[in-house]
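Q: predicted structure and sequence below. I'll ask about it afterward.
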Amino acid sequence: MKHVKHIGIIACSYEGAALCYKTICHEGSQLMGVHAHPEISLHTHPLNEYMKFIYADDWNGVASLMQSSARKLVEIGAEVLICPDNTIHRVFAGASEGIPVPWLHIAREVAVAAKLENFKKTGVLGTKYLMESAVYPEAFDLHAIGYEIPDERQRTQINRIIFDELVYGIIKESSRNFLLAVIEDLQAKDCDSVVLGCTEIPLIVLPEYSPLPVLDSTRLLARAALRKAIG
């Protein structure tokens, strides 16, 4: 039988990582057969370790944690790596340096999906550290796709919803309504799609209720890992 690569998941916040893991397992069986999916390993440092570095604006520290997880996964046999956390892709280049197996970039996979759907301008939701970074602008620029982020007040509230609620699996209807209103504002700014660029946002913003088509970064990354593993 054809070799299927071992997937290593570098986790940061657990709710998003769990959704990514479940997606690989669930959709793996659809592609490979009943109860089948690639071998998967997951490693995570505690989220508070990441947040200490993020609050201190020490992104080299963030990269060191990511690289630590990556090396542990490679040591136990992982042949392709993913990190289902958009924010810490700010230091993807440094974290992936010297890692001897392919490591997929979440924003680049989302940008490829946006290009395939012929989207011209997409809104980006996520933590303030993600929305105010170059992670998605750089990925979208490669495909000549425009982008927009919410205003400062909205970014602050989205950040609060993520860190006070979503990373704990707390889903509030008031927060859902706020996020849907933000998407409506992005639509008014000529966006034709929206990136759910925090891996927990797909838990609260469901495609059938979104004013815009969604680019679910969590599931898009999981599917890209499946394709890479299965070949």
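A: All right, it came through fine.
Q: roughly how far apart are Leu125 and Ser41?
A: If you measure Leu125 against Ser41 using CB to CB, to the nearest Å, the figure is 29 Å. Yep, even glycine has a C-beta here, placed from its N, CA and C like the rest.
Q: which other helices and strands contact the helix or strand containing Ile162?
A: Under the criterion of DSSP states H and E, Ile162 resides in helix 152-164. Judged by 3 or more CB pairs under 8 Å, 6 or more residues apart in numbering; DSSP states H and E, the packing partners of helix 152-164 are helix 128-131, helix 173-188.
Q: after the first one comes which helix or strand?
A: Think helix 128-131. Downstream of helix 128-131 (by DSSP H and E), the next one is helix 135-141.
Q: mind listing the strands the next helix or strand after that next one pairs with, and their directions?
A: Counting by DSSP H and E, the next helix or strand C-terminal to helix 135-141 is strand 146-148. Sheet pairing here is set by DSSP bridges, and for strand 146-148 it gives strand 121-125 (parallel).
Q: which residues touch the partner strand?
A: Here strand 121-125 makes contact (CB atoms under 8 Å, 6 or more residues apart in numbering) with 114, 130-131, 136, 140, 145-150, 158, 179, 182-183, 186-187, 189-198, 201, 205, 212, 215.
Q: mind giving me the ChimeraX select for the residues you listed, buried ones only?
A: Buried subset of those, written as a ChimeraX selection, criterion 16 or more other CB atoms under 10 Å:
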select :114,130,131,136,140,145,146,147,149,150,158,179,182,183,186,187,191,192,193,194,195,196,197,198,201,205,212,215
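Q: and the helix or strand bottoming out on mean pLDDT in the chain, what's buried?
A: Here the helix or strand of the chain ranked lowest by mean pLDDT, DSSP states H and E is helix 14-32, holding a mean of 94. The neighbour-count check on helix 14-32 (16+ other CB under 10 Å) flags 14-21, 23-25, 28 as buried.
Q: in a markdown table: these, plus distance to Ala229.
A: Compiled in a markdown table, these are given as follows (distance: CB to CB, whole Å):
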| residue | distance to Ala229 |
| --- | --- |
| Tyr14 | 22 |
| Glu15 | 23 |
| Gly16 | 20 |
| Ala17 | 17 |
| Ala18 | 19 |
| Leu19 | 18 |
| Cys20 | 13 |
| Tyr21 | 13 |
| Thr23 | 13 |
| Ile24 | 8 |
| Cys25 | 12 |
| Gly28 | 8 |
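Q: tell me the one of those nearest Asp164?
A: Minimum distance to Asp164 across those is 12.9 Å, recorded for Glu15 (CB to CB).
Q: may I ask which helix or strand encompasses the closest residue in space to Ile230 that isn't next to it in sequence?
A: When the adjacent residues along the chain are set aside, Ile230 lies closest to Val4, with 5.7 Å between them (CB to CB, 6 or more residues apart in numbering). Assigned by DSSP H and E, Val4 falls within no helix or strand.
Q: give me the domain ranges for this protein.
A: Following automatic domain parsing, one gets these domains for the chain: 7-105+219-230, 106-216.
Q: hmm, back to that, name the helices or strands packed onto the least confident helix or strand of the chain?
A: Using 3+ CB pairs under 8 Å, 6+ apart, helix 14-32 sits against strand 7-11, strand 40-44, helix 217-230.
Q: pick the most buried one from those.
A: Greatest average neighbour count among the helices and strands packed on helix 14-32 goes to strand 7-11 (a mean of 26), per mean count of other CB atoms under 10 Å.
Q: list the contacts of that one.
A: 17, 20-21, 24, 38-44, 66, 69-70, 73-74, 78-85, 101, 225-226, 228-229.
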